[in-house]
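Peer 1: Return a 3D structure for these sequence lines:
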Amino acid sequence: MSKRDYYEILGAERSATEEEIKKAFRRLAMKCHPDRCPDDPAAQERFKEAKEAYEVLSDPHKRALYDQHGHAAFEGGMGGGGFRGDVDDIFGDIFSNIFGMGGGRGGPRRGSDLRYMLELDLEEAVFGVEKSIEVPTLIECAACTGSGSADGKTTTCHTCRGHGRVRMQNGIFSVQQTCPHCGGSGKTIANPCRDCRGEGRVHDERTLSVRIPAGVDNGDRIRLTGQGEAGPPGTVPGDLYVEVRVREHAIFQRDGDDLHCEVPIRYGQAALGAELKIPTLEGEASITVPAETQSGKLFRLRGKGVKSVRSGRTGDLICRVVVETPVRLTRAQRELLEQFEATFEGADAAAHSPRNSSWLDNVKQFWDRVTS
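Peer 2: Model (predicted):
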């Protein structure tokens, strides 16, 4: 049996934000979690299905693969490991709501993930580039080396006894949550650092070098592990996601791995045929325009598009010729065109304009139907 669409499972639009995806899964988990529906196998199956969908759609990289290839992207182990951390965060929130308690998972949280929008020229996206970016973030406090203590001394939290978690009892249920006194670190500070006020981190701006691989496109994300915000003392920093935005190009438009461009040609070139020089991202190329070419005809240059960052396949350059009407005619040019146009008068005029003749026939049939 084929798998259901992940967006359909969660009841979310394909354009849903990360927060909307999270809320959609949370609603389903509240209804179908096995602890709430122990005697309902159907609900447990729906929960399992929703969990699988969320683990893919909550991961930007996996979601991009799924949007492009569907379930086939993860067949045979493709797609990498799960995004378990966020699923656990959701469960923590759910149980907090069920039992009326604050906090989620036990232990201190990691630093927050950050997102950076990076604009690239088309050439940079196609061939790859190394960029320096400046990211405002929270970093480890240099004065206390991230401990939050001015003298480097900490004491064991008396509330959780250094575990970072406390156990809350509610009826027959027992749930662990982050210690509200030490924030999950298991330590307390008697003499807080003046620079960070005991937080262990300060606001700053970092300059990072980002290597953009060749072939990226709008919406692609590059994950820099550990380059997000610093976490509370004793925790690991979050990640930085660099999201690509490609600027519009004066000549080319990108469609997947293919490039498209319009090539203006003169009336005489279209009628008599011509050899044209065409720009590509790698230099100049030639196309042969045969005689009697009509405006809008497409010419495909194989392998002159974009090399995919995922499959390694190189797309094509597709040129659309557009016949231009001449402007600013001299008197001699106008007289020549008038003489040329006069040659189309007569019974054989239709033979030179097949599209015009068929169009007139269609118009006549249309008016016959309307007036009959």
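Peer 1: In three-state terms, label the most centrally placed residue in the chain for me.
Peer 2: The C-alpha lying nearest the average C-alpha coordinate of the chain belongs to Gly219 (C-alpha atoms, centre = their mean; 2.8 Å). Three-state call for Gly219 (DSSP: H, G, I helix; E, B strand; the rest coil): coil.
Peer 1: what sits against it?
Peer 2: Contact analysis of Gly219 by C-beta atoms under 8 Å, 6 or more residues apart in numbering lists 64, 243-244. All C-beta atoms are positioned from the backbone trio N, CA, C, and that covers glycine.
Peer 1: Closest to Arg313 out of those?
Peer 2: Within the set of those, Ala64 lies nearest Arg313; the separation is 16.9 Å, counting by C-beta to C-beta.
Peer 1: Now do the helix or strand hosting the closest one: distance to the chain's middle.
Peer 2: Ala64 belongs to helix 60-69 when assigned by DSSP states H and E. Centroid displacement of helix 60-69 relative to its chain, using C-alpha atoms, centre = their mean, to the nearest Å, is 8 Å.
Peer 1: before we move on, what about stretch 52-59?
Peer 2: Mean-position distance between stretch 52-59 and its chain equals 15 Å (C-alpha atoms, centre = their mean).
Peer 1: next one: stretch 175-183
Peer 2: The answer for stretch 175-183 is 36 Å, by C-alpha atoms, centre = their mean.
Peer 1: just the CA coordinates of it, formatted as CSV?
Peer 2: Presented in CSV, the C-alpha positions along stretch 175-183 are these (Å, rounded to 0.1, in the frame of the first residue of the first chain):
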residue,chain,number,x,y,z
VAL,A,175,7.0,13.3,35.0
GLN,A,176,10.5,14.7,35.0
GLN,A,177,11.0,18.4,34.0
THR,A,178,13.9,20.9,33.9
CYS,A,179,14.8,22.2,37.3
PRO,A,180,13.2,25.7,37.7
HIS,A,181,16.0,26.8,40.0
CYS,A,182,19.1,26.2,38.0
GLY,A,183,17.6,25.9,34.5
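Peer 1: Now that stretch: buried residues?
Peer 2: Going by neighbour count (16 or more other C-beta atoms under 10 Å), the buried part of stretch 175-183 is 175-179, 182-183.
Peer 1: buried sites along the helix or strand where Phe299 lies?
Peer 2: Per DSSP H and E: Phe299 is located in strand 298-301. If you call a residue buried by 16+ other C-beta under 10 Å, then strand 298-301 has these buried ones: 299, 301.
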